[in-house]
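Trainee: structure here, sequence nowhere to be found:
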Ligand SMILES: [Zn+2]
């Protein structure tokens, strides 16, 4: 028996607009439950929705980078279902006239570059959240703060052939959406969510069978997505060998990923579209998306990550590996370019500094580079000081730590703490003389051919000067003085 793994993804991207999709309530994460709810998001009788223009623009921008066609005319529909966190009893969504359709994304998967088709990307509003008491009282609460949050649901063709490709595809979407500024794509806060549809195509002799499709829900990290899909491949294979159930017989089922046990658990059989009783939303007029608007939005798009990476390699002479890391977010790539502007040294130095020192402090403080307190110009000034020999590389690190802590400029810190490098020859000669006098054994060893000893002596000079001595010069003076 041979088989293919067949995966399609539905990715929900929370659009990062200031207000919700159809009302003026703030669109932010968390907050006191039910503190951002108005008659429109709660669906009170008589409340009238009105579409957020920014949401439409974000959807078009997203559609353009997903290589989609943008509908000239699009409309909203009601998707009817009953759920406690959806007080209206319906969700405003799009059915037959999505705003974006027929796109594709190129991904780098385990079989090289592959094209993944995108069927559609449509707008819809999010539902609220159910909260369950953890004190054993068995109570449930509903928080409607998330009700009406604008989502773009991106539906792919079932073009992925492995869990790894699915992960690469969702990662690509995440990078692009964050890059063009339509979403922060924070998976922990649910601003990027993914449901994956997976089944197997089984080949036996001349015959081909399809196993029932599982829609895997509740995956909120890339690790969980990969693990859930690998689990499903095994589970579906075993189920086929035991029961030989086909897609025609069973249809589609929903299973939730259960992190603790590392398994998926059957939730329900999937509704057909007809069960949602879709009909055009009577409170909202269809929306005309003019060619002029699409052209304007297209012109306003930033250079996309793949292109930026290549440009970094050619323009700044850094490696592709570094370029990939520096373009892991738009904020970081801008930070790098801003720091390189007006810098006379090697851009490679700035790249290294960002990827080690800046990232190190960001990880430690658990912040993104956008919140990093040192501006790009601060790095440039600091590195210019090491390039000119005014401070040593070692001192630069401690100066930088203080810059990140206090926001002070490098020059200020160096002056205030008297950290400037000692490159004055006569001063250094004096210190070297003292060190030589204080370590006769090492001097003897050196003269007897243990040339490594010089490193110890340089270290002693550095120690005496609090790391401020110019190490190159110290080495030179030592060699000179140690000559028998
Ligand atoms: Zn509202």
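Mentor: Arrived safely. Small disclaimer: the values here were computed from a predicted structure and weren't measured. Numbering: from 1, shown residues only.
Trainee: going by C-alpha atoms from here, please, whenever you check contacts or count neighbours.
Mentor: Will do.
Trainee: show me the contacts for the closest residue to residue 184 other than its chain neighbours.
Mentor: The shortest distance from residue 184 to any non-neighbouring residue, by C-alpha to C-alpha, 6 or more residues apart in numbering, is to residue 178 (5.4 Å). Taking C-alpha atoms under 8 Å, 6 or more residues apart in numbering, we find residue 178 in contact with 184-185, 329-330.
Trainee: what helix or strand is residue 178 on?
Mentor: Using DSSP states H and E, the element containing residue 178 is helix 163-179.
Trainee: can you check residue 318 too?
Mentor: Per DSSP H and E, there is no helix or strand for residue 318.
Trainee: residues from the protein in reach of the ion?
Mentor: 23, 25, 37-38, 41 (C-alpha under 5 Å from the ion).
Trainee: where is pLDDT lowest across these?
Mentor: Lowest pLDDT of the residues of the chain next to the ion: residue 41, 90.
Trainee: residue in the stretch 101-250 of the chain with the shortest distance to the ion?
Mentor: residue 148 (6.9 Å; C-alpha to the ion).
Trainee: where exactly do the helices run in the stretch 201-350 of the chain?
Mentor: Under the criterion DSSP state H, counting those that start in this stretch, helices of the stretch 201-350 of the chain are mapped to 222-243, 247-250, 291-299, 305-316, 320-326, 330-340, 347-353.
Trainee: next up, the contacts around residue 71.
Mentor: Residue 71 touches 97-101, 289, counting by C-alpha under 8 Å, 6+ apart.
Trainee: still on that earlier bit, by neighbours, which of the residues of the chain next to the ion wins?
Mentor: residue 41 (30 neighbours; other C-alpha atoms under 10 Å).
Trainee: starting at the chain centroid, how far to the helix or strand hosting it?
Mentor: Under the criterion of DSSP H and E, residue 41 resides in helix 39-42. Distance, stretch centre to chain centre, for helix 39-42: 32 Å (C-alpha atoms, centre = their mean, to the nearest Å).
Trainee: and it, which residues are buried?
Mentor: 40-42 (16 or more other C-alpha atoms under 10 Å).
Trainee: and the angle for the helix or strand just after that helix with helix 291-299?
Mentor: Remark: after helix 39-42, the chain's next helix or strand is helix 53-65, criterion DSSP H and E. Orientation check (axes from the mean of the first three to the mean of the last three C-alpha atoms, to 10 degrees): helix 53-65 against helix 291-299 gives 70 degrees.
Trainee: and helix 53-65, which residues are buried?
Mentor: 54-65.
Trainee: closest one of those residues to the ion?
Mentor: Closest to the ion, out of all of the buried residues of helix 53-65 and judged by C-alpha to the ion, is residue 55, at 14.7 Å.
Trainee: I figured residue 256 hits residue 218, correct?
Mentor: Yes. In this structure, residue 256 is within contact of residue 218 by C-alpha atoms under 8 Å, at 5.7 Å.
Trainee: with mean neighbour count as new columns, can the helices of the stretch 201-350 of the chain be given to me in TSV?
Mentor: Shown next, in TSV, are the helices of the stretch 201-350 of the chain (neighbours: other C-alpha atoms under 10 Å):
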stretch	mean neighbour count
helix 222-243	16
helix 247-250	12
helix 291-299	12
helix 305-316	16
helix 320-326	17
helix 330-340	20
helix 347-353	18
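Trainee: let's have these in TSV, adding mean pLDDT.
Mentor: As requested, the helices of the stretch 201-350 of the chain are exported to TSV (pLDDT from 0 to 100):
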stretch	mean pLDDT
helix 222-243	96
helix 247-250	92
helix 291-299	97
helix 305-316	95
helix 320-326	95
helix 330-340	95
helix 347-353	95
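Trainee: out of the ones you listed, nearest to residue 441?
Mentor: Set against residue 441 and scored by C-alpha to C-alpha, these come closest in helix 347-353, at 39.0 Å.
Trainee: what's the offset of stretch 339-347 from the middle of its chain?
Mentor: For stretch 339-347, the distance to the chain centre is 26 Å (C-alpha atoms, centre = their mean).
Trainee: over to stretch 146-159?
Mentor: 17 Å.
Trainee: residues in contact with it?
Mentor: With C-alpha under 8 Å, 6+ apart, stretch 146-159 has contacts from 6-15, 17, 20-23, 27, 29, 37, 41-42, 55, 59, 85-86, 116-129, 197.
Trainee: mind checking which of the residues you listed are in strands?
Mentor: 6-14, 116-125, 129, 197 (DSSP state E).
Trainee: sec struct for the residue of the stretch 101-250 of the chain closest to the ion, please.
Mentor: What DSSP: H, G, I helix; E, B strand; the rest coil gives for residue 148 is coil.
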